[in-house]
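**Student:** have a look at this fold, sequence not included:
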């Protein structure tokens, strides 16, 4: 069977497995919904998320001025949640892309070349892992400054270690297999062995880890924005919305509660989807524990 | 003994690496570190920048800067804070007890709730207790700790009035300090409890499938004795690993939780310093956090040898 057909068959089987698990299917549906809302925010939400209206301040959810209520400036919370999804998902996906790309290259090089290079690389990874994720991100933000681009870089760089470790482990497992030896025997270069043989065989765990890491990144971004170190007001993010609400916790608790629910739903969905993908793509890992780190 | 020496050497190398990373991060970032540290302060002139460069030793060769940095850190000299001109080392040292207290209380909550629940869920597999734990832990792990803290404040401080909202109490007034500690410790500890419970459940389930457990059951031991005498010690390694990893997470969590409750501590120091563009304090606090994590990982490695003698002699 041609390789493309095999791949399509695997994809179809993976999709069927996810679909058959209700929790993973629900996760996938919510992730799709969040992406849909984030991409089409200006169409879905007709209200400007930064539009202030002091006559409709602090309205509770379900009021005529907004389904999810309004905040202390009278801004529509639903619209802010939808636009906030843009920030969370953009940072989440972009930071994971940075981490996955860099970590994969580090892991491939370390695992394939071995020796001193690999030892040095692993020490660097150990050192990065000594810093709690949020503190590492804080140190990078301290040096680069705030804003969405720097925030993404900070969280992305901080998330490299698990990817480098995963891919290195996969390479160490596979590098003495027959297909790698065969490729070497016919004179394939190291680059070709890495990118055409070792990388494709590490893709499944890579996809699973990437999905699960989006959750961790969303939580970290929310924490940084909550602390005022991430994306600045008035651009809405779920983290800074929760921070805004803390001043009105006694009188209008929904301002903080609503964005928190959005975070929980999104993170939970990525976790469920990640667990489902793991069962579908890498049955050997079934039942292993997911280790979310913040 | 060999294991101990090997782990100690590894820890020393990692600590040196952590210091190198702290040293490099400000120097490899784009732009002049002196300018970056001066930031938006008004009245920045070429002379101020030059003075700052001299003050930070940036006008010296990089190797000399590095040696100076490492020897200063080893002497406990972390530089001088930009905000109040106090030595960062002293400022950091005064905050460490608060963070240790919070992290310690958090891990206590996590262990006291997580391990018994995990064992219970494994022993009563596929019952409502097991499913309930599964659902609660999934939702818990998806919640940001600062949001969970806000929910606790709303219900237990504002609505019920049981606990104070801000601060850490006065040293010496132990009851007051404990009172101030309940909500923050719950905010970081309960999430970790979910993680520990999940890990304990899966580790205990693995051990329950072993032949020696079946033998113990077959010779008529009660479930309680089987778990106590045969299961717990064998299930301990993955649980201790997750507790160790979790202490690193708890230390990170303290950064946010201290800010939510306006508690003094290393995390709040780092966040306040960053808002004030006080880079030496940010660097000092981060360095101490990283030292803490490296030390915890070292202790976890040593505890493996205590739990499982095979590791000691390997």
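**Tutor:** Okay, I see it. What you are looking at is a predicted structure, and each value in this text was computed from that prediction instead of being measured.
**Student:** centre-most residue in the chain?
**Tutor:** In the absence of a named chain, chain A is used. residue A:214 (1.3 Å; CA atoms, centre = their mean).
**Student:** nope, chain B
**Tutor:** Nearest residue to the geometric centre of chain B (CA atoms, centre = their mean): residue B:251, 2.1 Å.
**Student:** measure it to chain A for me?
**Tutor:** 5 Å (CB to the nearest CB, to the nearest Å). Backbone N, C-alpha and C define where each C-beta goes, glycine included.
**Student:** so which strand or helix has that residue?
**Tutor:** Here residue B:251, judged by DSSP states H and E, is contained in helix B:232-260.
**Student:** before we move on, what about residue B:225?
**Tutor:** helix B:223-226.
**Student:** which residues are in contact with that helix?
**Tutor:** Defining contact as CB atoms under 8 Å, 6 or more residues apart in numbering or on different chains, one finds that helix B:223-226 is touched by B:123, B:213, B:216-217.
**Student:** if we can go back for a sec, would you mind identifying the next helix or strand past the helix holding residue B:251?
**Tutor:** Counting by DSSP H and E, what follows helix B:232-260 is helix B:266-275.
**Student:** the residue of the stretch 101-250 of chain A found nearest chain B: neighbour count?
**Tutor:** Residue nearest to chain B within the stretch 101-250 of chain A: residue A:132 (2.9 Å; CB to the nearest CB). Counted with other CB atoms under 10 Å in any protein chain shown, the neighbours of residue A:132 add up to 27.
**Student:** could you do the one 3 residues further on as well?
**Tutor:** Using other CB under 10 Å, residue A:135 has 26 neighbouring residues.
**Student:** output the contacting helices and strands for the host helix or strand of the residue nearest to the centre of chain A.
**Tutor:** When elements are defined using DSSP H and E, residue A:214 is found to belong to helix A:203-226. Counting contacts by 3 or more CB pairs under 8 Å, 6 or more residues apart in numbering or on different chains; DSSP states H and E, helix A:203-226 packs against helix A:77-113, helix A:133-144, helix A:148-158, helix A:160-174, helix A:238-245, helix A:254-281, helix B:145-152, helix B:232-260.
**Student:** for residue B:267, list the residues it contacts.
**Tutor:** Each residue near residue B:267 by CB under 8 Å, 6+ apart is listed here: B:99, B:254-259, B:285, B:289.
**Student:** neighbour count, distance to chain A and pLDDT added to these, as a markdown table?
**Tutor:** What follows is the contacts of residue B:267, written out as a markdown table (neighbours: other CB atoms under 10 Å in any protein chain shown; distance: CB to the nearest CB, whole Å; pLDDT from 0 to 100):
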| residue | neighbour count | distance to chain A | pLDDT |
| --- | --- | --- | --- |
| B:99 | 27 | 12 | 92 |
| B:254 | 30 | 9 | 86 |
| B:255 | 28 | 6 | 87 |
| B:256 | 28 | 5 | 91 |
| B:257 | 27 | 10 | 93 |
| B:258 | 26 | 10 | 93 |
| B:259 | 22 | 6 | 91 |
| B:285 | 32 | 8 | 90 |
| B:289 | 30 | 5 | 88 |
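**Student:** helix or strand for residue B:11, just tell me which one.
**Tutor:** Going by DSSP H and E, residue B:11 is part of helix B:2-28.
**Student:** same thing with residue B:188?
**Tutor:** For residue B:188, the host element (DSSP H and E) is helix B:174-208.
**Student:** what's the mean pLDDT across that helix?
**Tutor:** The predicted model assigns helix B:174-208 a mean pLDDT of 89.
**Student:** likewise for stretch A:70-77?
**Tutor:** Stretch A:70-77 shows a mean pLDDT of 82.
**Student:** again, but for stretch A:127-144
**Tutor:** pLDDT averaged over stretch A:127-144 gives 82.
**Student:** and stretch B:77-94, by the same measure?
**Tutor:** On average, the pLDDT along stretch B:77-94 is 87.
**Student:** is that stretch anywhere near chain A?
**Tutor:** No: against chain A, stretch B:77-94 shows no contacts by CB under 8 Å from any CB of the partner chain, the least distance being 12.4 Å.
**Student:** coming back round to it: quick one: the helices and strands packed on helix A:203-226 as a markdown table, columns for distance to residue B:16 too.
**Tutor:** As requested, the helices and strands packed on helix A:203-226 are exported to a markdown table (distance: least, CB to CB, whole Å):
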| stretch | distance to residue B:16 |
| --- | --- |
| helix A:77-113 | 20 |
| helix A:133-144 | 18 |
| helix A:148-158 | 21 |
| helix A:160-174 | 18 |
| helix A:238-245 | 35 |
| helix A:254-281 | 36 |
| helix B:145-152 | 31 |
| helix B:232-260 | 19 |
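**Student:** nearest to residue B:95, of these?
**Tutor:** Closest approach to residue B:95 among the helices and strands packed on helix A:203-226 (CB to CB): helix B:232-260, 9.1 Å.
**Student:** list the buried residues in that closest one.
**Tutor:** Of the residues in helix B:232-260, B:232, B:234-260 count as buried by neighbour count, 16 or more other CB atoms under 10 Å in any protein chain shown.
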